[in-house]
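Engineer: next input, structure requested:
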Amino acid sequence: MKDAVLTIATTGGPQFVPGVTPLAENRPYCKMREDMETKADSEFGLNNPTDASSNETGHSGRLANDGDPFTYWAAALCDKDPWLVVDPERVIRYRKLIVTFPQAGNYRFIVEVRDESGNWREAINESKTAETGQQRIVETKDIVGSKLRIRLTAPSGAPNGIAEVRIVGAM
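Structural biologist: Numbering: from 1, shown residues only. You can find the predicted model right below:
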């Protein structure tokens, strides 16, 4: 960040008198990143804003984090590169992701996190997995960031969608 000067004009109250009015004492600065390393994990994503590449009728992106595993987001049938974004509305240190699919099957996906510089960085690559469980718990690369994007490939005959996304990390 570039240096800047902020001037705040106040009205009322005692005037500041240089050399007379006491100044605030110095306070230690603690980097947020260090706090994130020591804080306990929490879950994020429930009812947070979502965006999607497309939506099948009755299966909006909002259903991927509504807390109900029986509802799900599904991309439109014509969508050849479906993705879902969940915005946890804060900067977190990502640790793992819990994804529930509409049904069991060999769902494959790549997860990216928008880092502190605004760039999308790969956090998980399950594009060649043989896993077929309906729910996956996958550790992420060590990334501090905000929004999470899941690019998805569903197995043949299965809905191209996500029933629930839970983000595990620390603020």
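Engineer: direction included, what does the longest strand seen in the chain pair up with?
Structural biologist: Longest strand in the chain, counting residues (DSSP state E): strand 135-153. Paired neighbours of strand 135-153 in the sheet (DSSP bridges): strand 83-86 (antiparallel), strand 92-100 (antiparallel), strand 108-115 (antiparallel).
Engineer: and the contacts of whichever helix or strand comes after that strand?
Structural biologist: Per DSSP states H and E, the first helix or strand lying C-terminal to strand 135-153 is strand 161-162. Outside strand 161-162, the residues that touch it by Cβ atoms under 8 Å, 6 or more residues apart in numbering are 56, 59, 64, 72-75, 82, 84, 99-102, 150, 152, 154. C-betas here are computed from N, CA, C, even on glycine.
Engineer: what's the answer for stretch 103-112, then?
Structural biologist: Contacts of stretch 103-112 (Cβ under 8 Å, 6+ apart): 97, 99, 101, 120-134, 136, 138, 140, 148-155, 158-159.
Engineer: ok, which stretches of the protein are strands?
Structural biologist: Counting by DSSP E, the strands of the chain are 42-44, 50-52, 73-74, 83-86, 92-100, 108-115, 120-126, 135-153, 161-162, 164-170.
Engineer: ok, and what's touching the last one?
Structural biologist: I take that to be strand 164-170. Strand 164-170 has contacts (Cβ under 8 Å, 6+ apart) with 36-37, 39-46, 64-69, 72, 84, 86, 88, 92-100, 140, 148, 150.
Engineer: tell me where this structure is predicted with low confidence.
Structural biologist: Applying pLDDT under 70 to the chain flags residues 29-38.
Engineer: do you know how far A170 is from W120?
Structural biologist: 21 Å (Cβ to Cβ, to the nearest Å).
Engineer: who's more crowded, the two?
Structural biologist: A170 (17 against 13; other Cβ atoms under 10 Å).
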